[in-house]
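1. Could you work out the structure for the sequence below:
(chains A, B and C)
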Amino acid sequence: MKEPQDKFESLLASLNPQQQEVVLYTSSPQIIVAGAGSGKTRVIMVKIAFYCYALNVNPEKILAITFTNKAAQELKDRLEILNLSGVNSGTFHAVCLKILQAHGNYIGVKKPVVYDEQDQAALIKECLAQLEIDDKRTSPGRVVEWISRKKDELEVPQPVAGTKDYKLHLVYELYQKKLDALNALDFGGLIMKAVELLTKYPDLRDYYQKSKYTHILVDEYQDTNTAQAVFLKLLAGDNRHLTVVGDPDQSIYSWRGANINNLLHFEQSYPTAKTFRLEQNYRSTQAILEASNGLILHNLQRKEKNLWSDKTDGEEIVYLKVESDRAEAKKVAEILIENNLDGIPYCDMAVFYRTHSLSRSLEEILLKRGVPYMIVGGLPFYQRKEIKDLLCYVRFIINPADRISFKRIINTPARKIGDKTLLKIESAVYSSGTDFYTLFKNNYGVEGISGHPRKVCDFFIYLIDKYRPKFESDEHWNTVVEELIEEINYISYIKNTNTDEKADVRIDNINTLVEAFAEYQAEHENASIYEFIDTLALRSSADDLNGKQDKVSLMTLHCAKGLEFKLVCLIGMEEKLLPYYKDIEDADEIEEERRLCYVGITRAKEKVYLLSASRRFTYSGPKYSLPSRFISEIPEEKLKANSRPQKNEPARYFNVNYYPKDNHFDMNEFMDEFSVGDCVYHYDYGKGVILGGTGYGKNKKLIIQFNGEQEPTVVMASYAGLSKLDEQ
DNA sequence: TATCACGGCGGTTCT
DNA sequence: CGCCGTGATA
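-> Next comes the predicted model:
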C-alpha cells in the first residue's frame, strides 16, 4: 500500500516536463493554455497535491472552481485517494452560493432561494402584467434571457425613458425588486450578489483573500463570463497562487455570456501573470488529432497552437452519408454493436448531436436493437415536473412567503382552484401586508376567501404547521417527504395524469429525490434544509451521470466538453444543424460552431464516425440538407477513402413543406389515397401492406405490415414518404 | 368558475 | 412532437 505522499511523488514523476513546470511554478498568477487532451485535469490535481504535500498548505484553504458540479465531484474523488478530501471545489455558482449563505446577511441576502428559469419566467410574467406589457409580443423567456445577459455583464437596470430597451430595463428593475423581496436569487444574481458583497466589505474580502482561500485554481476559464472574472479577481486579489486553465479553441458558451477575453487578456487583470502552454496530446491517435487540427485551422480568429502526439496513426475518420435520419440511427446502432463485439465496452462509446431533438429517432432504434444507452443531459433533474412540484411544496412549507412556489402547487394535484381564486388569495395576502401563513393562520375570516377555497388554504396551513418543524429539525427528511407525498396523494396524481410508462419514470425520479434528501443529510452534519434545496437547484443534468454502468452515452456537443471516449459518433453533420441555422450568417458564430465540432471530435481516443442524413423529418415535415461544411474542412486524407465527400454534389439544398399550413388540405385526395390492403413502399422499411389507419390529414397514421418486420408498424402518413405500389 | 379537448405554434446549446 | 393558451362545456 502506497502512502499518499509517495503517490503524489510518482504522480509528479509521471508528468512531462511542461506539465511539471506548471505544477512547480508558484511565483505569480499563472495561465495555462491547454489543448484538448493535454492532461489539464491531471495537472490541476497534481498541483493541488503539490501545494499540500510539498508546501504544506492546508487542503481546506484550496479552492478549485470547475465548470460543472460533476467535474467538481470527480476532482474530489480523485483527491480523496490522495487523502486530500478537505479541498473545496465547485462551480462559480456553487461557490458564490456558499459565500452568500455564510455572509449574505451583510447585504440583505438571508436564507436565499435559488430560482431557475421556470421560476424566473413566472416572476417575469407577473412583472409584465403589472407593467401592462403584452406577454405575447414580449415572451417571458426572452426577457429572462435578456436579463441574464445583463447580469453576466454586471449591469444593473437603468430605465431611462426614450432610450434603447427602456421597457426591458423597467421590467428588469421590477423583477429585481420582486426577487429581493422573495429572498430569491437567479443564476446571474448569485454571482452579482457575491460581487456586491465582496466589493462593499473590504474586511470580508480580506478574509477570503488572505485566510479562507489562499490557493485558487480555475478550470475551463475560456467559458467564464465577465461577472465571474470580476468575482474571481475579488476573491483572489493579488494572490500569486492563482491558476487558470483554458483552451480558446474550446470556447463554446459565448451565447451564455462567456467572454473569451477573460482568457486572452488575462495579463491585463493580473499583470504579473505568466503564461504556460500544454501542447502534447495524450488522448487521441494521430489521425484524429490531425483531422481536428485541420478543421480548427479554418478559424481565422485564433491563436496559433499546435497539438501533437506520439501516439500511432490510428484509424482514419469514417464519414457516412445516409439517406434519412432513420438510416442514420440504424447505421449508428450497427457501428456500436460491431465495435462492442470487437471489444470496446459500451460505456467507452458516445454519440454526440447538436440538439436534443436528434436523440429521439436514435433512441427508438437503439431500444429495438438492444443497445444499452443513457441520455446525459436533457432536462435537468431539478426541472422535471414531478421533482419541481415536490420541491415547491418543500420550498413553500419552509418559506410561506414564496409566492412562486405556492402558485405552482395550489392546484397540483387539482383542487378546484383556478386563476380567479388564486388571484383573490394573492390579493388578500398582498393587502394584508403579511405572508400567506400569517394571514390564514390568524384570521378566521379572510375577506373574499370562504368556502372551498378557504378549506384549501387551511390545508396548506396544516401542511406548514405539520411539516415545517420536521424539516427544520434533524428528523430524517426522506421519511418526512414520503409522508408529505402520501398526504397530498401525489403518486396517484402522477398515475392518473400520465401513461403507465411515463408514470413509472416519474415515480422513479421521485424515489431518486427522496434518496437525495437522505443522502444529503447523511453527508452533512446539522444539515440545513434551505441549503439542501438550493444545492439541488444548481445541479445540472450532466451531474446525474453515474458512469459505472456499461451504456453508450448520448449527449449534446455542449455536454461533451471535458469527457473522453474510445469511440465517438457525431450525428446530424449537416448544414443548418452544425453549423446551426441560426448561427450560419455570422462569421463569429460559425467559428463557435466549428469549435463545437472540434470539441466533439477531440473527445475520441481511437475512433470517430461522422454521419449526415440527406433527409430528416421534423415536426413541420421533411427537410433536406447537404453535408456540413466542416466535413470538407477535414483534410481529405484523414477521412477513410470510401467515405470522402463527393465534389459537385447536385444541389438539393432546399426545404420542402409538402403540406401547406392551410387545413383544407386535410381532405386532399393525396392524404386519403391510401386504403386498407394497398401495397406501399416506405423509404426505410421497404415494401408493406396497409392494415388500417387512424386520424386525418396531417395527423393521419397508418398501420402497416412491412416485409421482414415481425409486428405491424404505425407510421405518420404525412412524414413517412410513402408511395403506392401497383399490386404485386 | 374549473376543467378538458383541441388547435396553433415554436423550435439551440446550460450554470 | 409537446407545450401553452383558448374556447366550449359541466
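2. what does stretch A:521-529 contact?
-> Applying CB atoms under 8 Å, 6 or more residues apart in numbering, the contact partners of stretch A:521-529 are A:Val394, A:Ile398, A:Phe471, A:Glu472, A:Asp474, A:His476, A:Trp477, A:Asn478, A:Tyr520, A:Glu531, A:Phe532. Where C-beta positions appear, they are placed from N, C-alpha and C, glycine not excepted.
3. That stretch spans what distance, first to last residue?
-> Start and end residues of stretch A:521-529 are separated by 9 Å (CA to CA, to the nearest Å).
4. thinking again about what came up before, from the contacts of stretch A:521-529, which would you call buried?
-> Among these, those scoring as buried are A:Val394, A:Ile398, A:Phe471, A:Trp477, A:Asn478, A:Tyr520, A:Glu531, A:Phe532 (criterion: 16 or more other CB atoms under 10 Å).
5. Enumerate every residue touching the third one.
-> Under the criterion of CB under 8 Å, 6+ apart, the neighbours of A:Phe471 are A:Val394, A:Ile397, A:Ile398, A:Trp477, A:Val480, A:Ile529.
6. okay, it: pLDDT?
-> On pLDDT, A:Phe471 comes in at 94.
7. Please flag which of the contacts of stretch A:521-529 sit within strands.
-> Using DSSP state E, no member of the contacts of stretch A:521-529 falls within strands.
8. now those residues in JSON lines, with distance to DNA strand B?
-> Output for those, formatted as JSON lines (distance: CB to the nearest atom of the strand, whole Å):
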{"residue": "A:Val394", "distance to DNA strand B": "21"}
{"residue": "A:Ile398", "distance to DNA strand B": "23"}
{"residue": "A:Phe471", "distance to DNA strand B": "25"}
{"residue": "A:Glu472", "distance to DNA strand B": "27"}
{"residue": "A:Asp474", "distance to DNA strand B": "29"}
{"residue": "A:His476", "distance to DNA strand B": "29"}
{"residue": "A:Trp477", "distance to DNA strand B": "24"}
{"residue": "A:Asn478", "distance to DNA strand B": "25"}
{"residue": "A:Tyr520", "distance to DNA strand B": "18"}
{"residue": "A:Glu531", "distance to DNA strand B": "16"}
{"residue": "A:Phe532", "distance to DNA strand B": "17"}
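9. out of those residues, which one sits closest to A:Ala327?
-> Nearest to A:Ala327 among the contacts of stretch A:521-529, counting by CB to CB, is A:Tyr520 at 45.9 Å.
10. Now for that closest one: which residues touch it?
-> Here A:Tyr520 is in contact with A:Trp477, A:Ala527, A:Phe532, A:Thr535 (CB under 8 Å, 6+ apart).
11. A:Glu482 sits in which helix or strand?
-> helix A:477-487 (DSSP states H and E).
12. just checking, what packs against that helix?
-> Applying 3 or more CB pairs under 8 Å, 6 or more residues apart in numbering; DSSP states H and E, we find helix A:477-487 packed against helix A:385-398, helix A:451-472, helix A:500-523.
13. and if we set it to 7 Å?
-> Counting contacts by 3 or more CB pairs under 7 Å, 6 or more residues apart in numbering; DSSP states H and E, helix A:477-487 packs against helix A:451-472, helix A:500-523.
14. These: lowest mean pLDDT?
-> With a mean of 85, helix A:500-523 has the lowest mean pLDDT of these.
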